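1. Next input, structure requested:
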Amino acid sequence: MKKYIIGALAIWSFMAACEKKVDPIDTYLVTVEYNKNSAKDLTGDIQANPKDSIYLNFTISSPTDMSYVEIQKNGVRIDTFQLNTPASKKSFSAIKGYRLDSAAGKYQYRVLARNSRAIFMGDGGKQLNVTIVPDFNFWSYRILQVPDSVAQTNKCYYSSKDGKTYSYADGPGNSASIDFGFYWDTTGRGTASTSDDLKHTIYALNALQPQIAFNDVSQTSWTKNATLLKKMPSSVNFVTGLTSAGAIQTLIGGNMTSGTSSKVSTVSTSGGNNVIGFRTASGKFGAILIRYVNGDSPNKTTQIEVDVKVQK
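-> Numbers count the residues shown, from 1 in each chain. Below you'll find the model as predicted:
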């Protein structure tokens, strides 16, 4: 047993002697200072709007020669500076501007140094977080129901201001924020069994609908917002296209320069029918995505599920 212990110790000693010594990262003593000479200069964590501009106004220094200075976003290199003079290898300053993404989320920026072998030397222990806050409201999984004529408690009205649905019973006190209503229109109902024959209808409250006269919004207690509506072409992708207020302005507003109305029928979940653009009475553009249709009749059990995006 003794000879096995001696042999193990010998092997361990040999491996220890062969072990490569690696300096810890902070041996390089890299420092990074972020300067603020303008309102757009980034010196710490911030919140910003989509497509805003930021500047990294920095000085990076090290007592050991640096060969490259790198800027990363979310761990991916977006800029590299090669240092060629003795002075710049010890201290390097630059100002670099970027336009932020349109998609909301957290983005991390940092400036770091690398040596002549492109080995990471340090980032001064500083990483700057930019949280892009949406400049539009996104209300998801809202249910709109066909109006019921007796209890009148089905949620058939929608407010893009707060993302809430309202019934006729609780509508008067909230009608100032209601942008549109929903019902199943039997007018002109054909016999063909196709998606284009569906009569799920979105309408503005200033356009009275005789079929649902029991929901009488002509009273002075109701605000009847003149929302404009238009079915969008299939090229308008609700998920990937409408990612900012600017995109909504371009894709929805650009398509609503003509052909708008106070009522859109034959809406369904199929492409070319499932995105409806709208402009609120206050001038905000938005879009409705028809996610799911349950029922195909004017019965009070018929309902649709929608997502809504609207400019703030």
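2. Look up which helix or strand T64 falls in, please.
-> In this structure, T64 sits in neither a helix nor a strand according to DSSP states H and E.
3. Could you check how far it is from G122?
-> 10 Å (CB to CB, to the nearest Å). The C-beta positions use only the backbone N, C-alpha and C, and glycine is treated the same way.
4. Next: S159.
-> Per CB to CB, S159 is found 52 Å from G122.
5. picking up where we left off before, the more surrounded of T64 and G122?
-> For T64 against G122, the residue with the higher neighbour count under other CB atoms under 10 Å is G122, and the figures read 21 against 15.
6. so what's the more buried one closest to, chain neighbours aside?
-> With CB to CB, 6 or more residues apart in numbering as the criterion, G122 has its nearest non-adjacent residue at 3.2 Å, and that residue is V30.
7. quick one: the one you found and M121 touch, right?
-> Yes: contact status for V30 versus M121: in contact at 5.3 Å, counting by CB atoms under 8 Å.
8. hmm, back to that, if I pick the residue nearest to G122, what's in contact with it?
-> I60, S61, S62, M66, L112, A113, M121, G122, D123, G124 (CB atoms under 8 Å, 6 or more residues apart in numbering).
9. burial measure for the last one, as a count.
-> Read that as G124. Under the neighbour criterion other CB under 10 Å, G124 is assigned a count of 19.
10. Report the contact partners of it.
-> V30, T31, V32, E33, I60, V111.
11. in the chain, which ranges drop under the pLDDT threshold?
-> Within the chain, the ranges that satisfy pLDDT under 70 run 1-27, 188-198, 272.
12. Count the residues that sit near P50.
-> The tally of other residues near P50 (other CB under 10 Å) stands at 20.
13. Sticking with it, tell me its helix or strand.
-> No secondary structure element spans P50, as it lies outside all helices and strands (assigned by DSSP H and E).
14. still on that earlier bit, just the buried residues of the contacts of V30.
-> Neighbour-count burial within the contacts of V30 applies to I60, S61, S62, M66, L112, A113, M121, G122, D123, G124; the criterion is 16 or more other CB atoms under 10 Å.
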